[in-house]
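Peer 1: Output the structure for:
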Amino acid sequence: LTSLSFSCVRNSGICSCKCVKQPQMNEDLKEMLESNKESLKLEAMKRIVGLISKGKNASELFPAVVKNVASKNIELKKLVYVYLVRYAEEQQDLALLSISTFQRALKKEQLIEVIEKLLKDKSTLVAGSVVVAFEEVCPDRIDLIHKNFRKLCNLLVDVEEWGQVVIINMLTRYARTQFTSPWREDAMFDENNEKAFYDSDSEEKKGQADVKTYIMDPDHRLLLRNTKPLLQSRNTAVVMAVAQLYWHLAPKHEVSIVTKSLVRLLRSHRYIVVAFKHCYNLLSKQGMFEPYMKSFYVRSTDSTHIKTLKLEILTNLANEANISTILREFQTYVKSQDKAFAAATIQAIGRCATNISEVTDTCLNGLVLLLSNRDESVVAESVVVIKKLLQTQPNQHSDIISHMAKLFDNITVPMARASILWLMGEYCERVPKIAPDVLRKMAKTFTVEEDIVKLQTVNLAAKLFLTNSKQTKLLTQYILNLGKYDQNYDIRDRTRFIRQLIVPSEKSSTLNKYARRILLASKPAPVLESAFKDRDRFQLGTLSHSLNIKTSGYQELSEWPAVAPDPSVRNVEVIEPVKEWAPSVGKAKQSKSEDKFYSDDEEKEENASDSSSSDDSDSSSSSSEGLVLCFCFLVVITKQAFSLQPQSYQGNHTAWSGKMQRALFFRILSHTLIYSFISAFLMSCQVTTPSFGPMKTFELLHHMTGKGLSAKYHFPRQPCLYQPSMVSVQVILTNGSDHTLEEIHVGDRSPASLHIHCFNTIGEFLTVRSVPRCRAQDTCTSVQYWHLKLFCTKEDQFSVSIQPAVGELLMPSTMTEADFCKEQKKLLGMNETSATITMTTANTSSQTINKQVLSVANVGVAPSSQNNFHRFAGRTVSSGALVLVSLELKESSSALLTINTEKSIMASMLLQDLKQALTEA
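Peer 2: Purely as a prediction, here's the structure:
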């Protein structure tokens, strides 16, 4: 709505309001809003939104604006909504009047219908927004996604960044409901399914009687393949979204491809790092980050929470091979001035000692050394961790318990003192001389200790009473008497319970029998766990995953279905383009006369050409978003003629027979006539006329690089034979070497969406210069390099690149001046790109301007009744989107260059090319 409103504001020309006083202007706007004419109301709302965009206060108009919320004019209603969003909070009472209208206008059923319609839109600008609306309104209606799944996968790369995040998260949930799990342990991957197709049933029964081959659904693979390039995105959220998609959907052995991209994000700003660290805590369990362990070393500039997260990752990465390196790193961290980080490091050391038994003793000895540290928090945390570690091996570390008892007087942190008292009581039989003495000291300071220390003192007294009553009976009674009158009721209750449990009496005789079994029972060793444990129950990257609790609006990831639903629901009926001339060409190729003008070899070559061209045409029709490089039929024939003709000049070859010469002549003549007929037919079908500008030739392959084979190309601006939506490219090949080149053909190409109509392989390309021509076409408006292994000989491959100029992706369009102005008014606002340029004196004449514009863009010249206006019109070859170019000459050789089109990226690129052509001498 916002973009629409500002577009409307720009169309209305509201800048003329500057000279009008604000109060008077408000009165005028109120009158327009209360008018009975929709046009006046719409004009008023455009001006009001324009005022808001300039930062002016328009809240006084709220009563007049809110009356129009029920208007049937959709454009007016959009602008009213924009105004209400801005001022509803300030005018809450008046805003309540419009609620009922909103409820009527925003019925869920109607919204779903709109969402369903917008999901079918092929524009990348729409895809992200409509998926956001889908997630808010009807996230459970996955039936709306079926027909649009493949389209969303293909559009994903071109969608704006935040739209990519929303689409990826939605497709993650969708995939978990439609595909079977790729994580089956008893299955083998066989994505191509070739073995299952060719092998006999008997072979399958012999080798794979019990193992079912896992075959990934093609749509599942399409999703993984199309999201993989987004790992190179500059947006952290996009990379995280792809990482969580691979974690939840990809086979286990493919998840590791996200590793480098996630490590790359570590170099970004420290506050950005926080969010994706949660993903690392899960991913690091798989050992994928072990080669990048140094990337997680803590830096002095890191904040405390970043340091803590890095500690978690390093702890998860620790194993027998790298534990020594990690422990050396931890020794440095313990000395940090950040007390919270130092305490977290000690906890990490304890987890490493628990997880890796080989280093338990080493970690314990290191923690004991920390007991003499000057920092009380370090000592306290060390005591707590040592207490937990000693429970795993109590018989082997009596000396450590004795050492801790000696340090007891110097330790003031309550948790640490309580931990030592617990150890004294739990293992009092192993330190029979030290434990009573510690109890004696605690009896003196019992009244001033913290509550947690008092509770452990009572427990120590009870245990010593049961094991060494002779030395501790009086001390125990004294401590129990102190606890009986303590201010804390927990301590009073614990004291009364202990007294009844250990001191024999008539009332507690039955319970007293079990006192030793209750207080001195063996206890299981504690498990040191990470604070991020069990977060994998939530989808990675969500707020619930970060907080480790289910938040409002969180949508659970479904379990993999045991049997995949019907994949045919994602099939979309493809309407094949009408081919008015292709069948005739095919018949001309396939027809065989009784005289057999063609040799057997040539017939085989043509049949191969037929099959390859038909296959490629099918692939191009099924994908409307790819780049297609098409080599024309007539060129193949011409090439063959040139490749045969030089034989008559070689002394070692016999002269042509009369029959062969006649066959070649009629063959060239017949195809020339067909080509002339087709060209005339295509030209008669188009309302456009070709634009004639200077021809620019570009070098495609240098003869030094091509080992004698050279190539040049240009754009002839002629209709392509295969489809009217194809841009022609002519390529000229030359053999400048001293030997024959064999098997020249087209090899691989990139991007992957580039499809090629290959010419027949040139069996022998002799030393005489030959000029086979070929044509190419582009079915989308994006300008990028076409990388080809275009000219592959028998021995070599030569990689070449063709970059189509943006102006060559257009076809000229003829229209009157009135039609031009009418269409231009429809393409204002965000669809208009303009720039003021300074033209050279030589480029100010009409003839020169037309020549310069036509040299850049394949457009048609539109008539203009004004001498200072020059207009040009064209359409994109692929989609037929209108492109209007206008040049308004002003004083002092300056001019206003304006381009109006829906293709904003194309407009900006074309503007730069035209600007360069018109400003150069």
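
Peer 1: which element is residue 883 on?
Peer 2: With elements delineated by DSSP states H and E, residue 883 resides in strand 882-889, which encompasses its position.

Peer 1: buried residues in the helix or strand that that strand is followed by?
Peer 2: On the C-terminal side of strand 882-889, the nearest following helix or strand under DSSP H and E is strand 894-901. Neighbour-count burial for strand 894-901, counted by 16 or more other C-beta atoms under 10 Å, picks out 895, 897, 898, 899, 900, 901. (Each C-beta comes from the backbone N, C-alpha and C, glycine too.)

Peer 1: Can you check the pLDDT for the residue nearest to the last one when sequence neighbours are not counted?
Peer 2: The one in question is residue 901. With C-beta to C-beta, 6 or more residues apart in numbering as the measure, residue 883 is the residue that lies nearest to residue 901, at 4.4 Å, once sequence neighbours are left out. Looking at residue 883, its pLDDT reads 93.

Peer 1: Count the residues that sit near residue 883.
Peer 2: Applying the criterion other C-beta atoms under 10 Å, we find 27 residues in the vicinity of residue 883.

Peer 1: could you measure it against residue 824, distance?
Peer 2: According to C-beta to C-beta, to the nearest Å, residue 883 stands 11 Å off from residue 824.

Peer 1: any shared contact partners between these two?
Peer 2: Listed contacts common to residue 883 and residue 824 are residue 900; contacts here mean C-beta atoms under 8 Å, 6 or more residues apart in numbering.

Peer 1: Helix, strand or coil: sort out the residue lying closest to residue 266 once chain neighbours are set aside for me.
Peer 2: When the adjacent residues along the chain are set aside, residue 266 lies closest to residue 295, with 5.3 Å between them (C-beta to C-beta, 6+ apart). When states are read from DSSP: H, G, I helix; E, B strand; the rest coil, the local structure at residue 295 comes out as helix.

Peer 1: And for residue 823?
Peer 2: Here residue 823 takes the helix state, with states given by three-state DSSP.

Peer 1: pLDDT value on it, please?
Peer 2: Residue-level confidence at residue 823 comes out at 90, pLDDT.

Peer 1: quick one: contacts for the closest residue to residue 326 other than its chain neighbours?
Peer 2: Take residue 326 and drop its neighbours on the chain: the residue closest to it by C-beta to C-beta, 6+ apart is residue 318, 5.1 Å away. With contacts defined as C-beta under 8 Å, 6+ apart, residue 318 is in contact with 326, 352, 355, 356.

Peer 1: which intervals of the stretch 601-750 of the chain have sub-threshold pLDDT?
Peer 2: Scanning the stretch 601-750 of the chain for pLDDT under 70 picks out the ranges 601-694, 721-723, 747-750.

Peer 1: Same question for the stretch 351-500 of the chain.
Peer 2: The model of the stretch 351-500 of the chain has pLDDT under 70 over residues 394-397.

Peer 1: quick revisit: got the phi and psi for the residue nearest to residue 326?
Peer 2: Listed backbone geometry of residue 318 is phi -70, psi 130, with angles given as degrees, to the nearest 10.

Peer 1: And for the one 5 residues further on?
Peer 2: For residue 323, the backbone dihedrals (degrees, to the nearest 10) come out as phi -60, psi -30.

Peer 1: What count of nearby residues applies to it?
Peer 2: If you count neighbours by other C-beta under 10 Å, residue 323 ends up with 19.

Peer 1: Tell me the buried residues in stretch 143-153?
Peer 2: Buried residues in stretch 143-153, defined by neighbour count with 16+ other C-beta under 10 Å: 144, 145, 146, 147, 148, 149, 150, 151, 152, 153.

Peer 1: likewise stretch 498-517?
Peer 2: Neighbour-count burial for stretch 498-517 flags 498, 499, 501, 502, 503, 515 (criterion: 16+ other C-beta under 10 Å).

Peer 1: Just the ones of those in helices?
Peer 2: Per DSSP state H, helices hold the following members of the buried residues of stretch 498-517: 498, 499, 501, 502, 515.

Peer 1: what sits against the third one?
Peer 2: The one in question is residue 501. So residue 501 contacts 462, 508, 511, 512, 515, 518, 519 (C-beta under 8 Å, 6+ apart).

Peer 1: Among these, which lie within helices?
Peer 2: The subset of the contacts of residue 501 that ends up in helices is 462, 511, 512, 515, 518, 519, with DSSP H as the criterion.

Peer 1: Hmm, residue 237 and residue 162 touching each other?
Peer 2: Yes. When contacts are counted by C-beta atoms under 8 Å, residue 162 is listed as touching residue 237 (7.2 Å).

Peer 1: And those two? Which one has more around it.
Peer 2: In terms of neighbours (other C-beta under 10 Å), residue 237 is the more surrounded of residue 162 and residue 237; the figures are 18 against 14.

Peer 1: surely the more buried one meets residue 160?
Peer 2: No. Here residue 237 does not reach residue 160: they are 11.8 Å apart, not a contact under C-beta under 8 Å.

Peer 1: model confidence over stretch 326-336, on average?
Peer 2: Averaged across stretch 326-336, the pLDDT comes to 89.

Peer 1: check contacts around residue 850.
Peer 2: The contact partners of residue 850, taken as C-beta under 8 Å, 6+ apart, are 861, 870.

Peer 1: Let me know the helix or strand that it is in.
Peer 2: Using DSSP H and E, residue 850 sits within helix 846-856.

Peer 1: Just the CA trace of that helix, in PDB.
Peer 2: What follows is the C-alpha trace of helix 846-856 in PDB, where atoms were taken according to Å, rounded to 0.1, in the frame of the first residue of the first chain:
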ATOM      1  CA  SER A 846      17.500  14.700 -34.500                       C
ATOM      2  CA  GLN A 847      19.400  12.500 -36.900                       C
ATOM      3  CA  THR A 848      22.300  12.100 -34.500                       C
ATOM      4  CA  ILE A 849      20.100  11.400 -31.500                       C
ATOM      5  CA  ASN A 850      18.200   8.700 -33.400                       C
ATOM      6  CA  LYS A 851      21.500   7.100 -34.500                       C
ATOM      7  CA  GLN A 852      22.900   7.100 -31.000                       C
ATOM      8  CA  VAL A 853      19.800   5.800 -29.300                       C
ATOM      9  CA  LEU A 854      19.400   3.000 -31.900                       C
ATOM     10  CA  SER A 855      23.000   2.100 -31.500                       C
ATOM     11  CA  VAL A 856      22.300   1.200 -27.900                       C
END
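
Peer 1: now that helix against strand 894-901, angle please.
Peer 2: In terms of direction (axes from the mean of the first three to the mean of the last three C-alpha atoms, to 10 degrees), helix 846-856 departs from strand 894-901 by 40 degrees.

Peer 1: Pull the distance from helix 846-856 to the chain's centre.
Peer 2: Relative to the chain's own centre, helix 846-856 is displaced by 42 Å; criterion: C-alpha atoms, centre = their mean, to the nearest Å.

Peer 1: Other residues contacting the helix or strand following that helix?
Peer 2: Following the chain from helix 846-856 toward its C-terminal end, the next helix or strand by DSSP H and E is strand 860-862. Outside of strand 860-862, the residues within contact range by C-beta under 8 Å, 6+ apart are 688-689, 691, 812-817, 820, 850, 854, 871-874.
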